[in-house]
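1. Below is the sequence, then the predicted model.
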Amino acid sequence: MPDLKVSIVQFDIAWQNPAKNLKKIDSLLLSVERTDLIVLPEMFTTGFTMDVKTNAEKMNGPTIEWMRKVADKKGATVAGSLIIQTDDGCYNRLVWMRPDGQVSFYDKKHLFRMAGEDEQFSEGVSKIYPIIKGWRICPLICYDLRFPVWSRNQNDYDALIFIANWPAVRDNAWETLCKARAIENLSPVIAVNRVGRDGKGIDYVGNSAVYNAKGETVVDFEKPIEGVRTATLKYAELKTYRTKFPAYLDADSFSIQG
């Protein structure tokens, strides 16, 4: 299979201000000439807010249309989460927008009770495995990172994504767990977090990065700054490593109970 070029976007999300945030992302993406996948942080239009009544959008809303235009213009898939209201409830929804305008989505499974997310949002029940250039991708959101069973690779995917608003106070856990998920699943991890301070006074240092299947850094941000970093994931390297070190053949079988 061909290599996969991934661009991660790290920025200071303006609190509950979608128009300002979309304008900033547009500016940051000016530096991206060619890529296959653009990954944005969790709740990239608002920050991690529990004010769903003010900030929820529909699946035919302005942010979805913006994602469609960016994907078409860049010729790349665009992924990131926002607050989506449906007839069944409100979701922290990762939207997967393809260049041809087709959409799939993943609703966050593990809701962060310490911030009351479980009281404001409905829980997701299933994962998705969209394909880009033959690569099977598993996109997950923030708190999902702490639960290895949910992200366990049972030959479902070739690369993991974690998008987040992960606070600076727990930055060590963010980096450690991202590397652990890569190592235990023999899978690259694309980890995208925000920087700055949100409307609740919580600080974020980003530490966005792309790790290979050994947990080694392919690309990262040296400082808590805004910007875009692009990495190329090489399928030949991944296949060679999995062939030489096939730990997945000894993995425990299990099923996830809903």
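-> On my side now, so go ahead.
2. Please tell me how far Lys223 sits from Leu186.
-> Computed as Cβ to Cβ, to the nearest Å, the Lys223 to Leu186 distance reads 30 Å. Backbone N, C-alpha and C define where each C-beta goes, glycine included.
3. out of the two, which sits in the busier spot?
-> Leu186 (19 against 9; other Cβ atoms under 10 Å).
4. Quick check: closest non-adjacent residue to the more buried one.
-> Ala213 (4.8 Å; Cβ to Cβ, 6 or more residues apart in numbering).
5. In a strand, that neighbour, correct?
-> No: assigned with DSSP: H, G, I helix; E, B strand; the rest coil, Ala213 falls outside any strand and is coil.
6. so it sits right up against Ala182, yeah?
-> Yes: Ala213 lies in contact with Ala182 (Cβ atoms under 8 Å); the separation is 6.0 Å.
7. Mind listing the shared neighbours of the two?
-> Pro188 (Cβ atoms under 8 Å, 6 or more residues apart in numbering).
8. I'd like the distance between Tyr248 and Asp156.
-> The spacing between Tyr248 and Asp156, counted by Cβ to Cβ, is 11 Å.
9. Please disregard the earlier target; I meant Thr217.
-> Per Cβ to Cβ, Thr217 is found 24 Å from Asp156.
10. How about Ala71?
-> Look at Ala71 and Asp156: by Cβ to Cβ, they are 24 Å apart.
11. What of Lys73?
-> 31 Å.
12. now Ser208
-> From Ser208 across to Asp156, the span is 24 Å (Cβ to Cβ).
13. Between these two, tell me which one has more neighbours.
-> Ranked by neighbour count (other Cβ under 10 Å), Ser208 and Asp156 place Ser208 first, with 30 against 13.
14. what's near enough to touch the more buried one?
-> Ile8, Gln10, Pro41, Ala191, Val192, Asn193, Asp220, Phe221, Arg229.
15. can you tell me which two in the residues you listed are farthest apart?
-> Largest separation among the contacts of Ser208 by Cβ to Cβ: Pro41 and Asp220, giving 14.9 Å.
16. the more surrounded of those two?
-> Between Pro41 and Asp220, counted using other Cβ under 10 Å, Pro41 has the larger neighbour count: 29 against 17.
17. Please identify the nearest residue in space to the more buried one, excluding sequence neighbours.
-> Leaving aside its sequence neighbours, Pro41 sits nearest to Arg194 (Cβ to Cβ, 6+ apart; 4.5 Å).
18. Tell me the pLDDT of the one you found.
-> For Arg194, the model assigns a pLDDT of 98.
19. wait, it sits on Ala14?
-> No: here Arg194 does not reach Ala14: they are 10.7 Å apart, not a contact under Cβ under 8 Å.
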